[in-house]
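**Student:** Sequence and predicted structure are below.
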Amino acid sequence: MSTTEELAQIAAEVNVCTACKLHRGTIKAVPGEGPATAKIMFIGEAPGFNEDRQGRPFVGASGQFLSELLALAGLRRQDVFIANVVKHRPPNNRDPEPDEIAACGLFLERQIKVIDPRVIVTLGRFSMAKWFPNERITRIHGQPRWVGERLIVPMMHPAAALHQPQNRPLLEADFQRLPDILAQAEREYAKRAAAASPPVAAAPSTPDEPELEQLSMF
Ligand code: URA
């Protein structure tokens, strides 16, 4: 199965998932979207009103703003993978609960494994908590940290800037640093790949080489 087919398989499972109570009363599941080859993945919190209707992530006001932020980073939506911590809309947009996050976490893990992105940007505290459960977003936003072979970049949720406009410049500045962060991740990845590949074996010596002749004297 190709990675694109694997992502489609995960989406098909999400679409019929009843593993937690969130699916009740929703219109569509929102598995996430983007190419399997994406180098960067964005993980939000949960689908809202518009996402529930369309079955696509970040298509409402937060999504419009996310597209603007992506443009600031020189990225287009079709170049990145966009997912959420939970894939059905919580009633009245309430916070997702631990059992719901755990149930959906299996899908998210599989998506990350298939896409294998160099960089993961967490949007908001729920996706940040997957990697940095004891941190505060106000303290660490925009600061990339290595977790295994990936750079995880916690960022504020776009909705935070829509509700509190003073957050907007912070979020914009964080997104503007993404090209450098991606380049840093690519460099490190190339370095690790080079270190992991065995050195080219030296050609076997032939008996008439001077070095061997000298050795035979002893
Ligand atoms: N907010 C999110 O966290 N995800 C969406 O898909 C839409 C809004």
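**Tutor:** Yes, it's here.
**Student:** Could you use CA atoms for every contact and neighbour count after this?
**Tutor:** Will do.
**Student:** Hmm, residue 59 is touching residue 53, no?
**Tutor:** No. Counting by C-alpha atoms under 8 Å, residue 59 does not reach residue 53; the two are 9.8 Å apart.
**Student:** out of these two, which sits in the more crowded spot?
**Tutor:** Here residue 59 and residue 53 are compared on neighbour count by other C-alpha atoms under 10 Å; more neighbours surround residue 59, at 20 against 16.
**Student:** nearest residue to the more buried one other than its sequence neighbours?
**Tutor:** If the residues on either side of it in the chain are set aside, residue 59 comes closest to residue 51, at 5.9 Å by C-alpha to C-alpha, 6 or more residues apart in numbering.
**Student:** give me the element the one you found is part of.
**Tutor:** Secondary structure assigned from DSSP states H and E places residue 51 in helix 49-54.
**Student:** Quick one: mean pLDDT for the helix or strand that contains residue 187?
**Tutor:** Element membership for residue 187, per DSSP H and E: helix 178-196. On average, the pLDDT along helix 178-196 is 93.
**Student:** Tell me which stretches of this structure form strands.
**Tutor:** Counting by DSSP state E, the chain has these strands, from start to end: 40-44, 81-84, 119-123, 145-147, 150-155.
**Student:** Can I get the third one in PDB, CA atoms only?
**Tutor:** Meaning strand 119-123. As requested, C-alpha coordinates have been extracted for strand 119-123 and formatted as PDB (Å, rounded to 0.1, in the frame of the first residue of the first chain):
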ATOM      1  CA  VAL A 119       8.400  19.300  11.600                       C
ATOM      2  CA  ILE A 120       5.100  19.200  13.600                       C
ATOM      3  CA  VAL A 121       3.500  22.500  14.500                       C
ATOM      4  CA  THR A 122       1.000  22.100  17.400                       C
ATOM      5  CA  LEU A 123      -1.800  24.700  17.300                       C
END
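**Student:** packing partners for it?
**Tutor:** strand 40-44, strand 150-155 (3 or more C-alpha pairs under 8 Å, 6 or more residues apart in numbering; DSSP states H and E).
**Student:** how about these in a markdown table, adding mean pLDDT, distance to residue 28 and mean neighbour count?
**Tutor:** Converted to a markdown table, the helices and strands packed on strand 119-123 look like this (pLDDT from 0 to 100; distance: least, C-alpha to C-alpha, whole Å; neighbours: other C-alpha atoms under 10 Å):
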| stretch | mean pLDDT | distance to residue 28 | mean neighbour count |
| --- | --- | --- | --- |
| strand 40-44 | 98 | 17 | 24 |
| strand 150-155 | 97 | 27 | 25 |
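**Student:** Take those and write them to a markdown table, including distance to residue 170.
**Tutor:** Compiled in a markdown table, the helices and strands packed on strand 119-123 are given as follows (distance: least, C-alpha to C-alpha, whole Å):
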| stretch | distance to residue 170 |
| --- | --- |
| strand 40-44 | 17 |
| strand 150-155 | 9 |
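**Student:** Those strands: which one's closest to the ligand?
**Tutor:** Between the ligand and the helices and strands packed on strand 119-123, the shortest gap by C-alpha to the nearest ligand atom is with strand 40-44, which sits at 3.8 Å.
**Student:** touching the ligand at all, the closest one?
**Tutor:** Yes. Part of strand 40-44 sits close enough to the ligand to count as contact by C-alpha under 6 Å from any ligand atom, namely residue 44.
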